[in-house]
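# Predicted model follows, preceded by the sequence.
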Amino acid sequence: MSTAGFNSQNGTGTGQTYANGPSQNPVALQQLPGVSYGMTNQPPYNPVQAKAPAPPGPGLYPAGLYQPIPPVSSYQPGPPPTSYPSSAGQPLLPRPPMGGHPSHTPPQSASPSPGPRMPMPPAQATPPPPSVSSSSYYPNPQQPMTPAWQYNTPTPPLGPATSISAPPMGPVANHVNPAATLAGPSLPSSASYSSAAPLPPPPNMSYSTTQPPGPGMPPTSLHGYTQPGVAPPPMNPMAPHTYQGQSNRPAYGPPPTGPTPAGPPPTMKPTSFPTGPPVANATPPPPKADGAVAGNGPQATNSYNHLDNKMAGPTQPGPPGRHLGHYPSLPPGYQNTSAPHATPPIHPAMQAATQPYTQAPQPYQQPPGGPGPAQLSPSLAAMSLQSSTPEALRVVNLLQERNLLPPAPVPAPTPCLTQDLQKLNCSPEVFRSTLTSIPQTQSLLNKAKMPLGLLLHPFKDLSQLPVVTSSTIVRCRFCRTYINPFVSFLDQRRWKCNLCYRVNDVPEEFMYNPVSRSYGEPHKRPEVQNATIEFIAPSEYMLRPPQPAVYLFVLDVSHNAVETGYLNVFCQSLLDNISSLPGDSRTKVGFITFDSTIHFYNLQEGLSQPQMLIVSDIEDIFLPTPDSLLVNLNESKELVQDLLKSLPNLFEKTMETQSALGSALQAAFKLLSPTGGRMSVFQTQLPNLGVGALQSREDPNQRASAKDIQHLAPATDFYKKLALDCSSQQVAVDLFLLSAQYCDLASLGCISRYSAGSVYYYPSYHHQHNPAQVERFQKDLKRYLTRKIGFEAVMRIRCTKGLSIHTFHGNFFVRSTDLLSLPNVNPDAGFAVQMSIEENLDDMQVVSFQAALLYTSSKGERRIRVHTLCLPVVNSLSDIFAGADVQAITGLLACMAVDRSVTASLSDARDAMTNAAIDSLMSYRQSVLTIQQPGLLVPACLRLFPLYILALLKQKAFRTGTSTRLDDRVFAMLQLKYQPLAYAMLMIHPALYRVDDLTDEGALNINERTIPQPRLLQLSVEKLSREGAFLMDAGIVIYLWIGRNCHSNFLTQVLGVPNYAAVPDNLYLLPELDTAESQRTRAFIGWLRDQRPFFPSLHIIRDESQLKASFMQNMIEDRTESALSYYEFLLHLQQQISK
């Protein structure tokens, strides 16, 4: 098995992913220098296509448009990155294929560029057939060309994986749903909708009951409120801010053409609906669960092996733009620049500046007798006034407007849907798309040069979650979609699926509404009122009786482990929380300890004290007493408590330095296999004995100077193979790594990654020398032991026909093309998926996505949590840009870049991220702006995109030129792939606040506590002041920097010290002083900590502190020896875009 590691799904970088779409040629094309390959169809555009190895499938943008390809869209190809010129006199290196089918493109001239850059195409018509030449495409061979990512490219399916484009004729269980059109008659007018995060209901809105049953609106209208032949009035008329000199620009949408007549909508052509057998998603054996269907889709036996094809290629040294030449010492565009007059101070909610389509909300007047939420207007573009520009598209010149960072965190943009639809939509905290307006075609998506994907937080702790108990869970007979708020009822007895548009019967039981206790109003049931809902599943959703909660703890007790002191903290924490472990009367626990031997503990009820059983034959591990090692917690609680009290003393004097982790994991797997459960592994050193032994691969002398980072992939496939065995037996492995030395997290992390576990990392952990880490470990452990947990889970993501999912990111095993195996699911886990558009969405006005998570609760209930997201379909680039979610795009690019770093190289991933920004902004400049002005012009919704990309380049996972421990880097990569977006963004772009002048102005009041709300500051030293104190929230760590001349009032009232010199080193706790300043500061820090499930440690630092360097490294906007400043980075982008 390959050891290339870390790829998007289960793969090791040597195979292929599962595609729900057309497969690509899995054979890597070896291209001769100067020769381009032909491409006959429209390939998806992919921004992270590497100059070095790249997966044949999902890279970072759809392949075609980073390569110049004869496009289906009007996108003009340019210099093809088909080969990378080396320095003069050296042969050109071959370039890996970009994914999709090869295409013929002509050589283009490329002007010399000052920095490595993935080639960006200039405007040009469809190219003529290529001329084959043995020379370079580029007149200047010294100019290195950098590859682009491939967004939205489906990867070739492995073996029998079925592609959606060639659907099976027979039934296929539970696949991504086919859907052709989202049309249908409206809901009855009495439907009042609510959702977890409802928007205020619009005035004068009503649903119509005049819609006759039978065929409804044309497929181009779902959930809108239009009458025949006319566009609706704008939902949210925008302020009349127009482009400069854009009189020739096509209207953002057609203007309303007249009064809206009442009456029923036009009938739909019968040919609009699919008529043949269900496409790629026929009815599964009916009653089985999402993951319980016997033949659940094509089962590829080796689905974990083939994710991204690993290829080799040249590396590009140096950060992007290091060859930019001379930079002005003071950026001229920034000198004496005040906040731009076009950007007034924004309310903390930041509605106008950060959310498209929410400026100047107006009541949307529902025409009398109009259709209900199952129809949408023929053109969403008509919702904007012709002469106005939405706030999201307001043109911003980044080189002139410096103060772009909003004063409060950026909220997710609101999709351009009618208010009734939007208030039913899924919360962005749970389900979020990189583009809130979905392009009609893949070629349009390619032209926009932005990635299409979803970010999910499916098991998030929710304050309000409707739970439905029913013997009948209503699902589409054809595609198995769960009934949701975006289906349409033809009448009381029939409903139309919003993913495949087939008509289903309403079961008799569904006619009764348990909430209102009324009969005959199925559209008022909770399932149709909430985009997030949980079902308690009946017995047909079980392949076996629900498993009990089983917890096995595997503890390193070598000399190194005892020295760190973690064992005392663990045992005390488990003693404190043992009664809070999720579970019921069946809950089981067990313990294994290990050094050079494996120690089991017999905790059978009736023993007077625990018995320790030692197995020294680690090569052929066996269980000494299989029936008494996992015991019922309630029956053996006293023995368990006795063991926890004695464990730290048991190994106090040990001098055993070896670690047989692999054998201990094998033993734990044997113990848990019959039931499944959770394995919690605590490790403090590099495993050096028996199976899975590892050797140090880190050279500390190369940390800062290496042009590229080696050893990001696992050294062995032992841990991955074991993780896959665990996954098949419903066992998840969580790894706690507490170490001051290198532990090869790249290899060890596989045990958690492929078993849907979590990784916790505490570098330099020591109970005396690092009290901040001890506090963090204690708090994390308490959360870990007591949080909600789901066992033997599977998750499937369905989407409207025409869309396909091709790459997953997170910790899981892909069981079939669209089914994720999650032996455990926890509320702190995030996932991401990349998507492509396989079939044109011309006849649709909205598309839907549904994530269904089937799991066993700790109480033994089989439950299904369902989230449904509805988004509009648009056919103009300006609408696509207006709906871009800059944080979601950044989060998805980070996941893709992690995969690229492992399968190709770190420099390749860095170049790809830079080009992601260049390409999308170039597309905007060429295709949306009609007046070309000087400067770096971006739409307001993407104004933070270059800043976030620069932040990623300087993030611990991807930075170069700075000494970064290999384990620290790998952990940062794991975090970016696994953390939900809200938490990952803080690790990418920390939040900086001034806290020595906190006031109650604009404060929040939560549970009778007043929480100050200071402004967010830019991450630049120029924002710091020696007279102040500044708090930096970087996700898993919070820094409080005290200026040398900080006001004595803050020092005495908050820190309890008389002067700056008295601030102690290594201070990690704020004293609880009875002063208003102390209460405000502690309340604010406490509030920040409460917003995330893990515990960020606090470090109070002075100018002399060792941690000051870490604090300053997060000043993203400043220049360092090895990285550009924000202004220099903008100049680099402008230079590339305007070439």
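Alright, I've got the coordinates. Numbering: from 1, shown residues only.

# gap between the two ends of stretch 526-543?
By CA to CA, to the nearest Å, the extent of stretch 526-543 from end to end equals 27 Å.

# and that stretch, what's its mean pLDDT?
In this model, stretch 526-543 has an average pLDDT of 91.

# doesn't Arg494 make contact with Val506?
Yes: assessed by CB atoms under 8 Å, Val506 is found in contact with Arg494 at 6.4 Å. C-beta coordinates here come from the backbone N, C-alpha and C atoms, glycine included.

# ok, Tyr978 - contacts?
Applying CB atoms under 8 Å, 6 or more residues apart in numbering, we find Tyr978 in contact with Ser758, Val759, Gly810, Asn811, Ala829, Gly830.

# Please name the bridge partners of the second one.
Counting by DSSP bridges, Val759 forms beta bridges with Leu735.

# Count residues in the vicinity of Gln1106, would you?
Residues near Gln1106, counting by other CB atoms under 10 Å, number 10.

# tell me the mean pLDDT for the helix or strand encompassing Arg910?
For Arg910, the host element (DSSP states H and E) is helix 906-927. The pLDDT scores in helix 906-927 average 95.

# Quick one: list the elements packing against the helix or strand following that helix.
The element immediately downstream of helix 906-927 (helix or strand, assigned by DSSP H and E) is strand 937-939. The criterion is 3 or more CB pairs under 8 Å, 6 or more residues apart in numbering; DSSP states H and E, and the helices and strands that strand 937-939 contacts are strand 395-397, helix 906-927.

# Of these, which is nearest Leu689?
Distance to Leu689, taken as CB to CB, is lowest for helix 906-927 among those, at 31.5 Å.

# Which secondary structure elements does that closest one sit against?
helix 442-448, helix 877-882, helix 886-903, strand 937-939, helix 945-953, helix 1126-1137.

# Please write out the alpha-carbon positions of the strand or helix carrying Pro648 in PDB.
Secondary structure from DSSP H and E places Pro648 in helix 637-650. C-alpha atoms of helix 637-650 as PDB (Å, rounded to 0.1, in the frame of the first residue of the first chain):
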ATOM      1  CA  LYS A 637     -17.200   1.500  39.000                       C
ATOM      2  CA  GLU A 638     -15.400   1.000  42.300                       C
ATOM      3  CA  LEU A 639     -12.700  -1.200  40.700                       C
ATOM      4  CA  VAL A 640     -12.300   1.400  37.900                       C
ATOM      5  CA  GLN A 641     -11.900   4.200  40.500                       C
ATOM      6  CA  ASP A 642      -9.400   2.100  42.400                       C
ATOM      7  CA  LEU A 643      -7.300   1.600  39.300                       C
ATOM      8  CA  LEU A 644      -7.400   5.300  38.400                       C
ATOM      9  CA  LYS A 645      -6.100   6.200  41.900                       C
ATOM     10  CA  SER A 646      -3.300   3.700  41.800                       C
ATOM     11  CA  LEU A 647      -2.100   4.000  38.100                       C
ATOM     12  CA  PRO A 648       0.200   7.000  38.500                       C
ATOM     13  CA  ASN A 649       2.000   5.400  41.500                       C
ATOM     14  CA  LEU A 650       2.200   2.100  39.700                       C
END
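
# Check the average confidence over that helix, would you?
So the average pLDDT for helix 637-650 ends up being 95.

# ok, and for it, which residues are buried?
Going by neighbour count (16 or more other CB atoms under 10 Å), the buried part of helix 637-650 is Lys637, Leu639, Val640, Asp642, Leu643, Leu644, Leu647, Pro648, Leu650.

# Dump those residues to TSV, plus distance to Glu527.
TSV is the format used below for those (distance: CB to CB, whole Å):
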residue	distance to Glu527
Lys637	40
Leu639	46
Val640	42
Asp642	49
Leu643	47
Leu644	45
Leu647	49
Pro648	51
Leu650	54
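
# Arg1044: what's it in contact with?
Arg1026, Tyr1060, Arg1102, Asp1103.

# Distance-wise, check it relative to Asp1103.
6 Å (CB to CB, to the nearest Å).

# Same check on Phe831?
Counting by CB to CB, the gap from Phe831 to Asp1103 is 42 Å.

# quick one, helices of the stretch 651-800 of the chain?
661-672, 718-728, 745-748, 750-753, 771-786 (DSSP state H, counting those that start in this stretch).

# ok, residues contacting the second one?
It stands for helix 718-728. Outside helix 718-728, the residues that reach it (CB under 8 Å, 6+ apart) are 1, 5, 10, 12, 304, 662, 665-666, 669, 672, 679, 691-692, 714, 732-733, 747-757, 813, 821, 823.

# returning to what we had before: deepest of the helices and strands packed on strand 937-939, which one?
Most buried of the helices and strands packed on strand 937-939, by mean neighbour count (mean count of other CB atoms under 10 Å): helix 906-927, with a mean of 27.

# pretty sure Thr593 is in contact with Leu644, am I right?
No: using CB under 8 Å, Thr593 is not in contact with Leu644; the gap is 11.8 Å.

# Quickly list what's touching both of these two.
By CB under 8 Å, 6+ apart, no residue touches both Thr593 and Leu644.

# more crowded one of Phe831 and Asp1103?
Phe831 (24 against 11).

# the helices in the stretch 1001-1139 of the chain, which residues?
1048-1050, 1076-1090, 1108-1113, 1126-1137.

# Just say helix, strand or coil for the closest residue to Leu644 other than its chain neighbours.
Excluding its sequence neighbours, the residue lying closest to Leu644 (CB to CB, 6 or more residues apart in numbering) is Cys571, at 4.4 Å. Assigned by DSSP: H, G, I helix; E, B strand; the rest coil, the conformation of Cys571 is helix.

# wait, doesn't Phe1084 sit right on Thr999?
No: counting by CB under 8 Å, Phe1084 stays clear of Thr999, with 11.3 Å between them.

# more crowded one of these two?
Set Phe1084 next to Thr999 and count neighbours by other CB under 10 Å: Phe1084 wins out with 22 against 11.

# Now that one. Nearest residue, chain neighbours left out?
Nearest to Phe1084 is Pro1012, by CB to CB, 6+ apart, at 5.2 Å.

# thought the one you found was touching Asn1005?
No: using CB under 8 Å, Pro1012 makes no contact with Asn1005, being 11.1 Å away.

# which one of those two has more residues nearby?
More neighbours surround Pro1012 than the other of Pro1012 and Asn1005, with 20 against 9 (other CB under 10 Å).

# isn't Pro458 right up against Ala851?
Yes: Pro458 lies in contact with Ala851 (CB under 8 Å); the separation is 5.5 Å.

# Can you pull the residues that touch both of those two?
With CB under 8 Å, 6+ apart as the test, Pro458 and Ala851 both reach Phe431, Met795, His867.

# Can you check those and name whichever has the most neighbours?
Busiest of the shared contacts of Pro458 and Ala851 [other CB under 10 Å] is Met795, holding 27 neighbours.

# Identify the bridge partners of it.
Leu820, Leu853.

# mind listing what it touches?
By CB under 8 Å, 6+ apart, the neighbours of Met795 are Asp290, Pro458, Phe812, Leu819, Leu820, Leu822, Val825, Phe831, Ala851, Ala852, Leu853, Leu854.

# Name the member of those with the most neighbours.
Leu822 (31 neighbours).

# That residue and Val731: what is the separation?
Leu822 is 12 Å from Val731, by CB to CB.

# And Val396, by the same measure?
51 Å.

# tell me how far the ends of stretch 1108-1128 are from each other?
Terminal-residue distance, stretch 1108-1128 (CA to CA): 24 Å.
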